[in-house]
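Enquirer: I would like the atomic coordinates for the input below:
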Amino acid sequence: MKTKRRFFNKTHINMLTIFLILDLFLIFGLLRSSNAVYTSTATSDSAMEVALYAFRYGGLDEVDGTSANPSVLEQSLDVNLGSIKPGDVKYYNFKVYNTDESGIVSDTNISYELKIIVTTNIQLDYELYYNQSSQSANASSLISNSEISDQIETDEWGTYFRTFAIDEKCFKYGQEKYDSYTLKVTYPSNFNSSAYQDLIESIKIQLKSKQVLPGDAAEVNNICR
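Expert: Model (predicted):
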């Protein structure tokens, strides 16, 4: 019995080859693109400047449902540490404005309280710089100089938190102003034990602001500027 030879269409083979090559280029292109986006996001977390607005056009109001005073505006910002390892140092810059997101300036004095709340899973070191460059030779951290409250607290689940509370600040009305902060986070190089490898550290910046009323501490202490 004779075996029939099967003939293939060369044009069909060539077209198939071209399509496969194009598919491979497309896959490699997508992989490179995905990697570029990931790298950009991962490296920009600590370099990014974040703005917090102490004022809301139309009046201050309750945001998160926990405030007992409806004239208080509360905001929080989670800091993404990304991949941090022993010996790493990261900087996070943020500003607090006396405007809303559209740049409308408050027509009353606005005071604010700022807290930085961190978990205590990893022995990270923190420094906070106020209206100064952290790179300056004369830079002075609010935390290391004990200019802010530093307390260890627990929540209802028994999780320990360290809370840095900055003294109340106040902006005078009528002209745009802001306070600039830099949070420096250091992972000490001596904490390189495998026991720390799977631990996660959480950092939250919490802002509470309100209109200054007659008799308020900000007015009595004349801290508005």
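
Enquirer: just the strands in the protein please.
Expert: Using DSSP state E, the strands found in the chain span residues 49-53, 72-79, 89-97, 110-119, 125-130, 149-154, 160-171, 178-186, 203-211.

Enquirer: now those strands as CSV including mean pLDDT, mean neighbour count and distance to Ala217?
Expert: For glycine as for every other residue, the C-beta is placed from the backbone atoms N, C-alpha and C. Below are the strands of the chain laid out as CSV (pLDDT from 0 to 100; neighbours: other CB atoms under 10 Å; distance: least, CB to CB, whole Å):
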stretch, mean pLDDT, mean neighbour count, distance to Ala217
strand 49-53, 73, 16, 21
strand 72-79, 85, 17, 14
strand 89-97, 91, 18, 18
strand 110-119, 94, 20, 8
strand 125-130, 95, 18, 19
strand 149-154, 92, 10, 15
strand 160-171, 94, 18, 7
strand 178-186, 93, 19, 18
strand 203-211, 91, 20, 11
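
Enquirer: which ones are touching the residue nearest the centre of the chain?
Expert: Note on the chain: the residue nearest the mean C-alpha position is Val79, at 3.2 Å, using CA atoms, centre = their mean. Residues near Val79 by CB atoms under 8 Å, 6 or more residues apart in numbering: 92, 183, 203-205.

Enquirer: What of Lys177?
Expert: Neighbours of Lys177 in contact, by CB under 8 Å, 6+ apart: 97-98, 171, 225.

Enquirer: Likewise for Ile143?
Expert: Ile143 touches 126-128, 150, 164, counting by CB under 8 Å, 6+ apart.
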